[in-house]
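Asks: Quick one: sequence plus predicted model below, questions after.
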Amino acid sequence: MLSKKEVEHIARLARIELSEDEKEKYEKDLSAILEFVEKLNEVDTSKVEPLTGGTDFKNIYREDRQVSKDLEKNQAKMIEAAPDREQRWIKVKKVFND
Amino acid sequence: MTDLNKLTIVEAQQGLRRKDFSSVELVTDCLEEIKKGDEKIHSYLEVFTEDALKQAQKADELLADHKKNLPALLGIPLAVKDNILIEGRKCTAGSKILENFVAPYDATVVTKLKNQGAILLGKTNLDEFAMGSSTENSAFGQTRNPRDPSRVPGGSSGGSAAAVAANFCLGALGSDTGGSIRQPAALCGVVGFKPTYGAVSRHGLIAMASSLDQIGPLTKTARDASILFSAISGGDDFDSTGAKSKTEIPTDEDFSLANIKIGVPRQYFARGLDAKVEKTIRSALDRLEKAGATLKEVDLPHTKYALPAYYIIVPAEVSANLARFDGIRYGHHSDQARDLLEVYNLSRAFGFGAEVKRRIILGTYILSAGYYDAYYLKAQKVRKLIKQDFARVLEEVDFIAGPTAPNPAWRFGEKTADPLQMYLEDIYTVSVNLAGLPAISLPGGLVEEDGQKLPIGIQFIGRRFDDGKLLSFASLVENLLVV
């Protein structure tokens, strides 16, 4: 099932730093869960269309206009929610190396 | 009058209108009960004492004006699960990553409750991001079951269920992705209703698995659940899965038990179900039959595939939904990070708890190149078969009945070591979410465990958008179910 190397690779994709203990635990837990879900292979689904969401709706459209002013008065609050900021800017560490 | 906090919503509505008591008195009794009992139970993460009393005063002014057509929930004190946004209030989702996050707007359901004049008492505890079946996964401590404080209240809406059971409020909102309203309601001995997918807007609910999440009420009676559902249901521009029209709720006179056919799935009484729970549920069903309802054994052949399908679809959707917690726009931000990648990696490592990390990592694996077809697509196909099972059976019967959960409340720590053990507690509830159907858990009687009488739940499942009929049926039978 899952190897420690695979767990490390997936954790990197998921952007979560794992401790050595966590790696070991998830290697075990995830292997057990993957074994549990293997059960689905007993079901013949060759003629079944997937159910991709909770409704039968296809695409839901609406006019591209503002429907509520709810958030307008709250722009400042939304920026305040950012942990690192300067005036009305959200601060991010540099994206490109020098 | 004393102990007004023990009233149902219906009783409180009548009392307030007859001026037997005021909303301030009603809210005060709830707040005093919380002060007295919640240190031990820990159902609330935050209580809005001052604001609740202020709102109650306003409600009393409106009530004093003798106006007709007063809103249904005017002056009624309610609790809200802490993954639903209330403007200006912290919303933690039970996670360290949102420990200090203040909601910048109201969830649609909260706007609706406020418009109805409801008093919001506070925010209730939950498993982190609603992932869990015991409320032990909260970053802010476990909630105890008021029926036996050495046991879990169920989850993830364990705080809401416990607050209703302990009379710390008259009713509460929860969210249900795979049983998170119904299972804690069952374990705490209260009513929990998961509406049809699309019947209630999720705008302002912190998303877990978007194709399954639904908001619903936890209350003391089915009639109360009906009142809260009426208040929060209906379409919303902010949730495109929402139905455009409101669901009608027929009155009791609209049908009699003699015309009701109830399907009892063979698969819900198979291995894994506690013998005492089975006996109690069977005797509750017998009483329904004696009262005139027709019982029919039915087959839901794909039942055993519901949990495996659920534990592919949920982690997959979780891994996508929780990608937004990046340590930059809101939530915990690691001070130790030296570059951008470390901001993500370290903020998330510190902010998320064990179950959340487990699901994100599993979901990332399931959706990664080479595995998508084998896992996610396969699970969506099985999901279709599960939905078709229900559709076929619900052509023959009005409702499907069975246990809400396989066991009564268990002791703390009993199921935390092995995640699969915990997942099995949702065996009867997850398939309902996969099929998008409405379902209600009603108190189904008591079973004895180590000399302690513990409540169990009986679940009734209805047709898509038959929420009204299901709720009316539930009000009609809730007193028949328990001796």
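Replies: Done, it's in.
Asks: what about the longest helix in chain A?
Replies: Longest helix of chain A, by residue count under DSSP state H: helix A:20-37.
Asks: Is the following helix or strand past that one in proximity to chain B?
Replies: Per DSSP states H and E, the first helix or strand lying C-terminal to helix A:20-37 is helix A:75-80. Yes: applying CB under 8 Å from any CB of the partner chain, one finds that helix A:75-80 is in contact with chain B at A:K77, A:M78. For glycine as for every other residue, the C-beta is placed from the backbone atoms N, C-alpha and C.
Asks: about what we covered before: and the longest helix of chain A, what does it pack onto?
Replies: helix A:4-13, helix B:306-321, helix B:354-367, helix B:419-423 (3 or more CB pairs under 8 Å, 6 or more residues apart in numbering or on different chains; DSSP states H and E).
Asks: what mean pLDDT would you report for the last one?
Replies: Model confidence over helix B:419-423 averages 88 on the pLDDT scale.
Asks: ok, residues contacting it?
Replies: A:29, A:32-33, A:36, B:132-134, B:307, B:311, B:355, B:358, B:415-416 (CB atoms under 8 Å, 6 or more residues apart in numbering or on different chains).
Asks: Okay, buried residues for that helix please.
Replies: Buried residues in helix B:419-423, counting neighbours by 16 or more other CB atoms under 10 Å in any protein chain shown, are found at B:P419, B:M422, B:Y423.
Asks: Centroid-nearest residue for chain A?
Replies: A:A14 (7.7 Å; CA atoms, centre = their mean).
Asks: That one is in contact with B:L322, isn't it?
Replies: No: the pair A:A14 / B:L322 is not scored as a contact, 9.0 Å apart, by CB atoms under 8 Å.
Asks: what is in contact with the two at once?
Replies: Both A:A14 and B:L322 are contacted by B:I360, under the criterion CB under 8 Å, 6+ apart.
Asks: Close to chain A: what parts of the stretch 351-483 of chain B are there?
Replies: Counting by CB under 8 Å from any CB, the stretch 351-483 of chain B sits next to chain A at B:352, B:354, B:357-358, B:360-362, B:364-365, B:368, B:375, B:377-385, B:387, B:418-420, B:436.
Asks: Tell me the buried residues within the residues you listed.
Replies: B:352, B:354, B:357-358, B:360-362, B:364-365, B:368, B:375, B:378-385, B:387, B:419, B:436.
Asks: Let me see the ranges of the strands in the stretch 151-300 of chain B.
Replies: B:171-176, B:191-194, B:214-219, B:261-265, B:294-298 (DSSP state E, counting those that start in this stretch).
Asks: Tabulate the ones you listed in a markdown table, adding columns for mean neighbour count.
Replies: Below are these laid out as a markdown table (neighbours: other CB atoms under 10 Å in any protein chain shown):
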| stretch | mean neighbour count |
| --- | --- |
| strand B:171-176 | 29 |
| strand B:191-194 | 32 |
| strand B:214-219 | 30 |
| strand B:261-265 | 19 |
| strand B:294-298 | 15 |
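Asks: Any idea which of those gets closest to chain A?
Replies: Chain A lies closest to strand B:214-219 among the strands of the stretch 151-300 of chain B, at 8.3 Å (CB to the nearest CB).
Asks: name the helices or strands packed onto that closest one?
Replies: helix B:158-165, strand B:171-176, strand B:191-194, helix B:222-232.
Asks: Ramachandran angles for residue 64?
Replies: Looking at chain A here, since you left the chain open. A:D64 adopts backbone torsions of phi -80, psi 70, taken as degrees, to the nearest 10.
Asks: Per-residue confidence, A:I79, what does it come out as?
Replies: 87.
Asks: Touching stretch A:61-75 from outside, list them.
Replies: Counting by CB under 8 Å, 6+ apart, A:M78, B:E87, B:P104, B:Y105, B:D106, B:D237, B:F238, B:S240 sit against stretch A:61-75.
Asks: can you do 7 Å?
Replies: B:P104, B:Y105, B:D237 (CB atoms under 7 Å, 6 or more residues apart in numbering or on different chains).
Asks: Narrow those residues to those that are buried.
Replies: B:P104, B:Y105.
Asks: Also within reach of chain A: list those from the contacts of stretch A:61-75.
Replies: B:P104, B:Y105, B:D237 (CB under 7 Å from any CB of the partner chain).
Asks: so the second one sits in a strand?
Replies: No: checked against DSSP: H, G, I helix; E, B strand; the rest coil, B:Y105 lies outside a strand; its state is coil.
Asks: Now for chain A, the helix or strand with the poorest mean pLDDT.
Replies: The least trusted helix or strand in chain A, going by mean pLDDT, DSSP states H and E, turns out to be helix A:75-80, with a mean of 83.
Asks: Thank you kindly, that will do.
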